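1. Kindly return the folded structure for what I paste below:
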Amino acid sequence: MTSKLDQLRQMTTVVADTGDLDAIRQWQPRDATTNPSLLLKAVSSDAYRNLVEQALAWAREQDRSASPDPVLAGDCLAVLAGEQILESVPGMVSTEVDARLSFDRDATIARARELTQLYRQRGVDTDRVMIKIAATWEGIQAARVLEREGIACNLTLLFSFTQAMACADAGATLISPFVGRILDWHLAQAGLDAIDPAEDPGVRSVQRIYDYYKAHNYRTIVMGASFRNQGEIEHLAGCDRLTISPQLLESLSQDTGTLERCLDPGNASQTETYPPLDESGFRWHLNEDAMATDKLADGIRRFAADQRQLEKNLGDWIQAA
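-> Numbering: from 1, shown residues only. Next comes the predicted model:
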């Protein structure tokens with residue numbers, strides 16, 4: 001019997017939501033995406049000691065110092081991890097800009113260029129690299145500039161239709177609308193333990209964005225992310241891409257039931273039309289969405305905290321060397 005994972009691959013590009021190289025090799029996704037949280041988990045393992053040591057050596061070379069900046073060391077580590085991931089996947093890898101720059105357009109642009117240059121130093125084809133940026137107003141405007149320079153961008157921490165509209169208008173290559181974190185917020189607000197996947201607000205958010213993009217011929221790729229259960233994934237079968245954790249990839253691979261396609265560009269019936277958002281309009285509509293406002297801020301804080309911890313760990317390695 002064909003597994004649901006194999007059936008999903010026939011209609012959706014499957015992306016591995018992990019920085020674990022062994023898991024990526026096992027599941028053989030087309031693409032992979034990382035963030036500071038995933039990198040922190042990976043480098044906490046002894047199996048990645050050699051990668052960390054390579055990153056520190058490269059950072060020393062870049063900084064021309066025996067004690068390089070841990071921020072630079074973190075970027076070197078992210079690029080080395082991305083390079084190794086690209087050896088195991090045929091498609092692309094996403095590498096994230098420091099979340100602490102989420103409200104600084106120019107600093108985000110500068111860091112994205114630096115990451116791209118680091119990949120070039122390693123001889124990596126940067127057409128296979130996406131720069132991952134939080135979908136704040138500043139992040140979206142940074143992506144507008146970077147896309148015009150030929151640097152593909154993945155806009156992450158996306159929780160609202162407002163963010164999705166602005167990303168499409170900016171010409172972003174890809175968006176990562178989060179499903180599970182939207183569900184988390186609604187469960188907490190309603191005092192519930194679960195919601196049927198068909199009524200899951202995170203699932204419905206992605207469905208609306210997908211239909212809108214396809215109906216209006218936006219080229220931006222929709223990649224659902226942050227899943228809490230297999231049902232959410234099944235109800236988004238047919239989405240352009242889905243980034244899935246190893247645990248849920250395992251669950252799908254063991255399920256031999258029939259998987260129906262739920263999203264199809266030919267069935268997009270979204271008739272809503274909206275003018276492009278200016279900054280004040282974007283901020284107002286986002287402010288009106290309590291869930292999106294809460295989860296965007298929370299996501300930035302979480303990624304920033306993990307980035308700081310990653311840099312602390314790297315600083316400790318530098319001091320111990």
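2. contacts for stretch 56-64?
-> Outside of stretch 56-64, the residues within contact range by C-beta atoms under 8 Å, 6 or more residues apart in numbering are 66, 68-69, 72-73, 76, 80, 314, 317-318, 321. Every residue, glycine included, has its C-beta placed from N, CA and C.
3. how about a cut-off of 10 Å?
-> 65-77, 79-80, 114, 118, 121-122, 314, 317-318, 321 (C-beta atoms under 10 Å, 6 or more residues apart in numbering).
4. Off-centre distance for that stretch?
-> With C-alpha atoms, centre = their mean, to the nearest Å as the basis, stretch 56-64 stands 27 Å off its chain's centre.
5. And for stretch 141-149?
-> Offset of stretch 141-149 from its chain centre (C-alpha atoms, centre = their mean): 17 Å.
6. got the contact list for residue 298?
-> Counting by C-beta under 10 Å, 6+ apart, residue 298 has contacts 157, 159, 181, 184-185.
7. Looks to me like residue 15 is in a helix.
-> No: under DSSP: H, G, I helix; E, B strand; the rest coil, residue 15 falls outside any helix and is assigned strand.
8. Go ahead and confirm it touches residue 28.
-> No: shown here, residue 15 and residue 28 do not form a contact pair, counting by C-beta atoms under 10 Å, at 11.4 Å.
9. which of those two has more neighbours?
-> residue 15 (26 against 13; other C-beta atoms under 10 Å).
10. how close does the more buried one sit to residue 186?
-> 25 Å (C-beta to C-beta, to the nearest Å).
11. about what we covered before: so how do I select the buried members of the contacts of stretch 56-64 in PyMOL?
-> If you want just the buried ones from those in PyMOL, going by 16 or more other C-beta atoms under 10 Å, the selection is:
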select buried, resi 68+69+70+71+72+73+74+75+76+77+79+80+118+314+317+318
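12. Find the least confident helix or strand in this protein, judged by mean pLDDT.
-> Ranked by mean pLDDT, DSSP states H and E, the helix or strand of the chain with the weakest confidence is helix 36-43, at a mean of 79.
13. mean confidence for the helix or strand just after that helix?
-> Note on helix 36-43: by DSSP states H and E, the next helix or strand toward the C-terminus is helix 49-63. Here helix 49-63 scores 92 as its mean pLDDT.
14. residues of helix 49-63 that come out buried?
-> Here helix 49-63 shows 51-52, 55-56, 58-60, 62 as buried, counting by 16+ other C-beta under 10 Å.
15. Could you export stretch 238-245 as PDB, keeping only the C-alpha atoms?
-> Coordinates of each C-alpha in stretch 238-245 appear next as PDB, following Å, rounded to 0.1, in the frame of the first residue of the first chain:
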ATOM      1  CA  GLY A 238      -2.100  20.100  -2.500                       C
ATOM      2  CA  CYS A 239      -0.600  23.200  -1.000                       C
ATOM      3  CA  ASP A 240       2.500  24.300  -3.000                       C
ATOM      4  CA  ARG A 241       4.800  23.100  -0.200                       C
ATOM      5  CA  LEU A 242       4.500  21.900   3.400                       C
ATOM      6  CA  THR A 243       7.400  21.900   5.800                       C
ATOM      7  CA  ILE A 244       7.000  19.000   8.200                       C
ATOM      8  CA  SER A 245       8.800  17.800  11.300                       C
END
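16. pLDDT weak spots in the stretch 101-250 of the chain?
-> Scanning the stretch 101-250 of the chain for pLDDT under 70 picks out nothing.
17. what are the phi and psi values for the nearest residue to residue 173 once chain neighbours are set aside?
-> Spatially, and ignoring its direct neighbours in sequence, residue 173 is nearest to residue 152 (4.1 Å; C-beta to C-beta, 6 or more residues apart in numbering). Note on residue 152: its backbone torsions stand at phi -70, psi 140 [degrees, to the nearest 10].
18. Would you mind measuring from residue 152 to residue 131?
-> The value you get for residue 152 to residue 131, if C-beta to C-beta is used, is 7 Å.
19. what's the overlap in contacts for the two?
-> Counting by C-beta under 10 Å, 6+ apart, the residues touching both residue 152 and residue 131 are 94, 116, 143, 146, 173.
20. Now do the helices in the stretch 151-300 of the chain.
-> Along the stretch 151-300 of the chain, the stretches classed as helices by DSSP state H, counting those that start in this stretch are 161-170, 180-190, 201-215, 230-234, 246-254, 279-288, 290-320.
21. okay, the angle between the third one and helix 290-320?
-> Translated: helix 201-215. Angle of helix 201-215 versus helix 290-320, following axes from the mean of the first three to the mean of the last three C-alpha atoms, to 10 degrees, is 100 degrees.
22. if we look at the sheet, which residues does residue 174 bridge to?
-> Counting by DSSP bridges, residue 174 forms beta bridges with residue 154, residue 221.
23. so how many other residues sit close to it?
-> Residue 174 has 24 nearby residues by other C-beta under 10 Å.
24. next one: residue 212
-> 21.
25. Please look at residue 168 and residue 218 and confirm they touch.
-> Yes: taking contacts as C-beta under 10 Å, residue 168 lies within contact range of residue 218: 4.3 Å.
26. Before I go, just wanted to say thanks for your time.
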